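Visitor: Okay, structure incoming, though there's no sequence with it:
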């Protein structure tokens with residue numbers, strides 16, 4: 001049994017969240033949340049379901065920041081910004097955000113394979129700058145911009 005299946009905060013496949021999302025698989029563990037691939041059952045759409053860890057769900061300040069993140073991202077329309085579909089609370093009182101499920105890889109993984117040519121890097125820089133520009137025009141500052149948070153599709 002691996003460490004993930006021992007962790008009781010990880011939902012098993014098949015778990016129904018908020019009467020509408022069915023967990024299909026575990027995707028990633030972050031510092032404050034787990035991310036799952038889930039099916040939004042009413043419309044049969046795959047989503048990334050970001051669920052706040054139990055210990056952070058008990059902290060009102062963290063919960064406020066988590067939902068503020070959803071509201072902020074939800075207000076952005078740039079094609080290179082992930083889409084937020086929904087947010088809410090699980091039956092065990094954990095907060096979640098349902099968002100667009102992206103296919104591809106993190107920029108950090110691409111960087112590990114070696115240097116990028118200018119022709120490869122420039123479109124990435126332009127797209128990130130475009131997304132950030134929209135956010136900045138709305139007074140939003142991305143406080144965690146790093147290669148792990150840039151996804152190449």
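Guide: Right, received. Where do you want to start? Keep in mind that this is a model prediction, so the values were computed, not measured.
Visitor: all contacts plus neighbour counts: C-alpha atoms, from now on.
Guide: Will do.
Visitor: Could I get the full set of strands for the chain?
Guide: Applying DSSP state E to the chain gives strands spanning 16-17, 21-29, 33-40, 45-52, 84-89, 95-100, 105-106, 151-152.
Visitor: possible to save these as TSV with mean neighbour count?
Guide: Formatted as TSV, the strands of the chain follow (neighbours: other C-alpha atoms under 10 Å):
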stretch	mean neighbour count
strand 16-17	20
strand 21-29	18
strand 33-40	23
strand 45-52	24
strand 84-89	16
strand 95-100	22
strand 105-106	14
strand 151-152	18
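Visitor: Need those strands in TSV (columns: mean pLDDT and distance to residue 119).
Guide: Shown next, in TSV, are the strands of the chain (pLDDT from 0 to 100; distance: least, C-alpha to C-alpha, whole Å):
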stretch	mean pLDDT	distance to residue 119
strand 16-17	95	43
strand 21-29	95	30
strand 33-40	96	32
strand 45-52	97	30
strand 84-89	94	30
strand 95-100	96	27
strand 105-106	94	18
strand 151-152	95	15
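Visitor: Would you format those strands as a markdown table with distance to residue 144 included?
Guide: Shown next, in a markdown table, are those (distance: least, C-alpha to C-alpha, whole Å):
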| stretch | distance to residue 144 |
| --- | --- |
| strand 16-17 | 27 |
| strand 21-29 | 16 |
| strand 33-40 | 15 |
| strand 45-52 | 16 |
| strand 84-89 | 18 |
| strand 95-100 | 18 |
| strand 105-106 | 14 |
| strand 151-152 | 14 |
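Visitor: Compare those strands and give me the one nearest residue 127.
Guide: Taking C-alpha to C-alpha, strand 151-152 is the member of those nearest to residue 127, at 10.2 Å.
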